[in-house]
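Trainee: Give me a model of this one.
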Amino acid sequence: MKRIPIQQRGIEASRLILGCMPFGGGWNRDPLTEEDVLKAEKAIEAALSIGISMYDHANIYTMGKAEETFGRILKARPGLREQLIIQSKCGIRFGEGDVPGRFDFSKEHILEAVNDSLRRLNVDYLDVLLLHRPDPLMEPDEVAEAFGKLKSSGKVKYFGVSNMSAAQIRFLQRALPDQLAVNQLEMSLSRLDWLDQGVHVNQPVGASVNFSEGLMEYCQMENIQIQAWGPLSQGKFTGRSLEGEPENIQQTAALVQRMAAEKETTPEAIVLGWLMRHPAGIQPVIGTANAERILACQDAERQAQLMTRDEWYTLYVSARGNNMP
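Mentor: Just a heads-up that it's a prediction; the model follows:
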């Protein structure tokens, strides 16, 4: 699989990323089982076999067990760490007693969260750290202090954000000496506001689109790598039952299946290829631990290269459920 530079800053990453959120069993405090670890190991083996070098975590995934599972695998396989690009996130905190779930970009929390992630992952450093969701109480100078300490200590190489607008990135960036490397957003054939926001300029219907104006353009101009979470739409276009789904989703699923058959590839490759065809160089984060489904994504980059404008728009308009304005 072709590798692409993230931010031209020395990270050579595969076009696809394996999202590790399903690792570790349920979102509970139950201990890890051998079955949990074996399932994750099979997923990693499948990902490695198709050239996936980048792995996406967050400190909260399955209450920390996703990172712990990954760490057990790394411990059992010396030398594997240096073959991988490991990315994790922090900033979301679960509710505790009378304190509700909240976001936390305080220096204290960022440093503590990274130390905990490193311990669970059984590694000395993260290649990339993302701030998970915007914190209304964010103070850029305080974040900069945390980032500076993590970088100088060698615990994190590069930093980025997730689910942030262009204005929020600019606000944070003003305090940082280094350019943010990543912005991870929900993007898929079933989540189209990142496209609709642009095509509905000067259209009344655009008032109902909830996406940061100019975010796609800003990230491209600033060489911020856009990553897509949820790119497979939880299987809506690749074989999941569509009972109760809107007509446009059902029609698009049929279209994806037809295109995959005609091109002798998989529905997963068509869905991901559609995202990757966009000139922003989007990196899809495949959020599955199913080895067969991971393998089904292998042809995505080739399908992106082969996809014509007409094919891309045919999928987009079908998924929109409305003609272009």
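Trainee: Now do stretch 123-133: distance to the chain's middle.
Mentor: Its chain's average C-alpha position is 13 Å from that of stretch 123-133, according to Cα atoms, centre = their mean, to the nearest Å.
Trainee: how long is it from one end to the other?
Mentor: Separation of the first and last residues of stretch 123-133 by Cα to Cα, to the nearest Å is 24 Å.
Trainee: List the buried residues for it?
Mentor: By 16 or more other Cβ atoms under 10 Å, the buried positions in stretch 123-133 come out as 123, 125-132. Glycine gets a C-beta too; all of them are placed from N, C-alpha and C.
Trainee: would a markdown table of the residues you listed with distance to Thr308 be doable?
Mentor: Output for the buried residues of stretch 123-133, formatted as a markdown table (distance: Cβ to Cβ, whole Å):
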| residue | distance to Thr308 |
| --- | --- |
| Val123 | 42 |
| Tyr125 | 42 |
| Leu126 | 39 |
| Asp127 | 35 |
| Val128 | 33 |
| Leu129 | 38 |
| Leu130 | 34 |
| Leu131 | 37 |
| His132 | 37 |
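Trainee: Now, these that are in strands?
Mentor: Members of those lying in strands (criterion: DSSP state E): 126-131.
Trainee: so which of those residues comes closest to Leu275?
Mentor: Leu130 (18.9 Å; Cβ to Cβ).
Trainee: I'd guessed that closest one sits against Gln184; true?
Mentor: Yes - assessed by Cβ atoms under 8 Å, Leu130 is found in contact with Gln184 at 6.1 Å.
Trainee: any common contacting residues for these two?
Mentor: 160-162 (Cβ atoms under 8 Å, 6 or more residues apart in numbering).
Trainee: three-state assignment of Leu137?
Mentor: The local conformation at Leu137, judged by DSSP: H, G, I helix; E, B strand; the rest coil, is coil.
Trainee: now it, nearest residue through space, not along the chain?
Mentor: Distances taken as Cβ to Cβ, 6 or more residues apart in numbering put Phe105 closest to Leu137, at 7.2 Å, once the chain neighbours are dropped.
Trainee: in stretch 155-168, what's buried?
Mentor: 155-166, 168.
Trainee: Sort out which of those are in helices and list them.
Mentor: 166, 168 (DSSP state H).
Trainee: got the buried residues of stretch 155-168 as JSON lines, with pLDDT and distance to Thr288 columns?
Mentor: Formatted as JSON lines, the buried residues of stretch 155-168 follow (pLDDT from 0 to 100; distance: Cβ to Cβ, whole Å):
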{"residue": "Lys155", "pLDDT": "98", "distance to Thr288": "29"}
{"residue": "Val156", "pLDDT": "98", "distance to Thr288": "26"}
{"residue": "Lys157", "pLDDT": "96", "distance to Thr288": "27"}
{"residue": "Tyr158", "pLDDT": "96", "distance to Thr288": "25"}
{"residue": "Phe159", "pLDDT": "97", "distance to Thr288": "26"}
{"residue": "Gly160", "pLDDT": "97", "distance to Thr288": "22"}
{"residue": "Val161", "pLDDT": "98", "distance to Thr288": "24"}
{"residue": "Ser162", "pLDDT": "98", "distance to Thr288": "19"}
{"residue": "Asn163", "pLDDT": "96", "distance to Thr288": "20"}
{"residue": "Met164", "pLDDT": "97", "distance to Thr288": "25"}
{"residue": "Ser165", "pLDDT": "97", "distance to Thr288": "28"}
{"residue": "Ala166", "pLDDT": "96", "distance to Thr288": "30"}
{"residue": "Gln168", "pLDDT": "97", "distance to Thr288": "29"}
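Trainee: Of the buried residues of stretch 155-168, which is the nearest to Ala291?
Mentor: Using Cβ to Cβ, those come closest to Ala291 at Ser162, 25.9 Å.
Trainee: ok, the closest one touching Gln184?
Mentor: Yes - between Ser162 and Gln184 there is a contact at 4.0 Å, judged by Cβ under 8 Å.
Trainee: Which residues are in contact with each of the two?
Mentor: Residues touching both Ser162 and Gln184 (Cβ under 8 Å, 6+ apart): 130, 229.
Trainee: sorry, back to before: check the ones in strands among the buried residues of stretch 123-133 and tell me the two furthest apart.
Mentor: Between any two of those (Cβ to Cβ), the greatest distance is 15.5 Å, for Asp127 and Leu131.
Trainee: now the helices for the protein?
Mentor: Taking DSSP H, the helices of the chain run over residues 34-49, 65-76, 107-121, 140-152, 166-173, 193-199, 215-221, 247-262, 267-276, 291-295, 300-306, 309-320.
Trainee: looking at those helices, which is closest to Ser88?
Mentor: Closest to Ser88 of those, according to Cβ to Cβ: helix 107-121, at 4.9 Å.
Trainee: Which residues belonging to the closest one are considered buried?
Mentor: For helix 107-121, burial by neighbour count (16+ other Cβ under 10 Å) applies to 107, 109-111, 113-114, 117-118, 120-121.
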